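A.B. asks: Have a look at this fold, sequence not included:
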């Protein structure tokens, strides 16, 4: 056995997505990092060992323009390019590549930490070191650092350090949460094992092992969906252990889950109720995917009300958007549904105060163990959200090293700006950088998308239910025109409102247009819906057209940037109401919408690339060119009143954060590179009236691209010339940043 010691700026325990993103973030901020994982692969529940698909604020299409940015966004987009079919081993490889590509990270796989050295009184504990045992190498390593991050999921490190924590459900009265039980208890969400199947093309028998459960003798077939062609994520409901101790009973929970998986397969193969003669089991998990255990107590505990009300958090460092998704204590044996869900009207902010321990002074938390009530945890627990929390924690840890401070002392505004500098996931906060030379430049473009008219499709959409469009409003644009077929004279009612919060895509309460419009019978009618929007207003409008059986709308083959089209499907009595995010469904219109003519005003004007917003927030917040058919090589130009010496230039291109990407097998998104991303471009600089090309890029597939120059480039003007997108009919650029010095 070898005893070793390693000192790093940051020590991170846990190699799930929260730990991976924390490590990468800290390393990219210049810190040395030890990343310790007790499994042979990275990714936690998303890895090939467990194979849970990564979800987050997009909520499988319920959330709009909500896909995470930063490191998680980078992983989503790159996995889509390499692995859109969802091979779990290629996902493992991508995570390993991203971690090992950072020279500041030392990775320790198969290393289990079970010893923690800490000192100090109960209200001011401090971690000195953790010790890990690396299986197979017979190495015992003591890790020291000024700051530690518990990204272990179960929270063993914080427990051993003496951090305050909660397990189970709080009483309803504690935080005033309507979804909490009347009396507190130890109930948690359970664990799950997944399985994969394969059609071999010829008959294959299945002899169940002796431990396989007879699921026909349980309530499972009556209350759960079982189909021969399903596997993987379709069986998320194979869950148990919520009324046990998820950690200490882990082995018996695994055994029970195995018995159910093999029992379900026996039922599918041998009951005679399914067409499964040629199918076989390809893979069965052996590591239970845990959902919940310890939640540490920070300076702030996120609650149900924070999520539903989308409460402002001045120190927000990430956002969530998955529903509050709580499962019955009985898991798969429960007679009620496998889950109940409550959506907010849009994404909600998560505060930094929930990411550090209130009594262990140098401990940050990342992932499902942050400071949240059980009910709020039902939303924050999903892996894409955990990943953004990891990036925030890793960035905070890096700032601790820069300032010689503890986590509580990190300035929230500085942390927000550092996250935004790396394209982090924050809502409605501008990136403000006095060193960015673009802020002093005059920004112009070869063209701008100011008006849009859809391409007409042969299909028609009967107005059997309400339909709606979200459209950007800017500079007093005052109308939306639809193309309708009217079977008989009628009155068409519509209503336009401003959403309550700028990140929301549901109707609001402030009305800016509406009333009846008298229609005569006839096809191919252009019907204008007046909108009473002031010239000062910049933001989204939610325009509802009421159901009318005499009217059908023309369907478009394309979708204007920044718009959405919905149909309304009222919720049944079983749902907790109101839930507007569930009632307005854009899935039938993905990639297109209703035919529309829209005046976009200056919503896509060139100065948008310098406004500091990196995500849609009360509008699109990017420059869009006119159609490439009209402007084949559009450009953006930056003119300075003096010469500047450029050391680097950074672009953030549009990767369409409304597109719901996953890493594994839930669904397939067809384009490998997001169509809205700029593919080919050239960067040109001008000095003394002469232009030169300083960058020529081909086949770009990334959202954030940084070009660093070996020697500074003196210029008084910079021009980004776009030669091709990955398929979109307009060029989109979210942000351009330039760094160096003003030389004259």
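C.D. replies: In hand now; what should we look at? Every value quoted in this text rests on a predicted model; they were computed, and no experiment measured them.

A.B. asks: Where does pLDDT dip in the protein?
C.D. replies: Scanning the chain for pLDDT under 70 picks out 476-477, 573-575, 577, 744.

A.B. asks: May I see the buried residues of the longest strand that it contains?
C.D. replies: Longest strand of the chain, by residue count under DSSP state E: strand 704-725. In terms of neighbour count (16 or more other C-beta atoms under 10 Å), strand 704-725 has its buried residues at 704-705, 713, 715-725. Heads up, the C-betas are built off the backbone N, CA and C, glycines and all.

A.B. asks: Just after the helix or strand hosting residue 391, pick out the following helix or strand.
C.D. replies: If you go by DSSP states H and E, residue 391 is part of helix 383-403. Downstream of helix 383-403, the next assigned helix or strand under DSSP H and E is helix 412-421.

A.B. asks: How far does that following helix sit from its chain's centre?
C.D. replies: With C-alpha atoms, centre = their mean, to the nearest Å as the basis, helix 412-421 stands 19 Å off its chain's centre.

A.B. asks: domain assignment for this protein?
C.D. replies: According to automatic domain parsing, the chain comprises the domains 2-169+292-421, 191-284, 437-447+623-742, 451-599.

A.B. asks: now the helices: where do they sit in this structure?
C.D. replies: 17-28, 70-83, 88-100, 156-161, 172-175, 220-223, 250-270, 304-308, 374-380, 383-403, 412-421, 580-583 (DSSP state H).

A.B. asks: As CSV, those helices with distance to residue 348 and mean neighbour count would be great.
C.D. replies: As requested, the helices of the chain are exported to CSV (distance: least, C-beta to C-beta, whole Å; neighbours: other C-beta atoms under 10 Å):
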stretch, distance to residue 348, mean neighbour count
helix 17-28, 18, 31
helix 70-83, 17, 22
helix 88-100, 27, 18
helix 156-161, 25, 24
helix 172-175, 15, 15
helix 220-223, 31, 14
helix 250-270, 32, 19
helix 304-308, 5, 23
helix 374-380, 8, 27
helix 383-403, 10, 28
helix 412-421, 16, 19
helix 580-583, 12, 20
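
A.B. asks: what's the closest of those helices to residue 121?
C.D. replies: Among the helices of the chain, the nearest to residue 121 by C-beta to C-beta is helix 156-161 (13.0 Å).

A.B. asks: can you give me the strands for the stretch 401-550 of the chain?
C.D. replies: For the stretch 401-550 of the chain, the strands defined by DSSP state E, counting those that start in this stretch cover 442-445, 451-453, 456-462, 467-473, 479-486, 490-498, 510-519, 522-530, 539-545.

A.B. asks: Pick the most buried one from those strands.
C.D. replies: Highest mean neighbour count among the strands of the stretch 401-550 of the chain (mean count of other C-beta atoms under 10 Å): strand 467-473, with a mean of 25.

A.B. asks: Tell me what angle it forms with strand 539-545.
C.D. replies: Per axes from the mean of the first three to the mean of the last three C-alpha atoms, to 10 degrees, the angle that strand 467-473 makes with strand 539-545 is 160 degrees.

A.B. asks: Tell me which residues are up against strand 467-473.
C.D. replies: Strand 467-473 is contacted from outside by 64, 461, 480, 505, 507, 531, 533, 537-545, 553, 560, 562-568, 584, 593-594, 596, 598, 600-601, 603, 619-620, using C-beta atoms under 8 Å, 6 or more residues apart in numbering.

A.B. asks: before we move on, back to that, how far away from the center of its chain is the helix holding residue 391?
C.D. replies: Distance, centroid of helix 383-403 to centroid of chain: 16 Å (C-alpha atoms, centre = their mean).

A.B. asks: what angle sits between it and helix 70-83?
C.D. replies: Between helix 383-403 and helix 70-83, the angle comes out at 130 degrees (the same axes, to 10 degrees).

A.B. asks: Give me the packing partners of helix 383-403, helices and strands only.
C.D. replies: Using 3 or more C-beta pairs under 8 Å, 6 or more residues apart in numbering; DSSP states H and E as the contact test, the elements touching helix 383-403 are strand 10-13, helix 17-28, helix 70-83, strand 147-150, strand 316-320, strand 363-365, helix 374-380, helix 412-421.

A.B. asks: need the contact list for residue 686.
C.D. replies: Taking C-beta under 8 Å, 6+ apart as the definition of contact, the neighbours of residue 686 are 692, 715, 716, 717, 718, 719.

A.B. asks: got it, and residue 242?
C.D. replies: Neighbours of residue 242 in contact, by C-beta under 8 Å, 6+ apart: 187, 188, 189, 190, 327, 328, 329, 330, 331.

A.B. asks: The closest residue to it other than its chain neighbours: neighbouring residues, count only.
C.D. replies: Excluding the flanking residues, the one nearest residue 242 by C-beta to C-beta, 6 or more residues apart in numbering is residue 190, at 3.9 Å. Close neighbours of residue 190, defined as other C-beta atoms under 10 Å, add up to 27.

A.B. asks: Using CSV, lay out the strands of the stretch 401-550 of the chain together with distance to residue 282.
C.D. replies: Compiled in CSV, those are given as follows (distance: least, C-beta to C-beta, whole Å):
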stretch, distance to residue 282
strand 442-445, 52
strand 451-453, 47
strand 456-462, 39
strand 467-473, 42
strand 479-486, 49
strand 490-498, 50
strand 510-519, 54
strand 522-530, 53
strand 539-545, 45
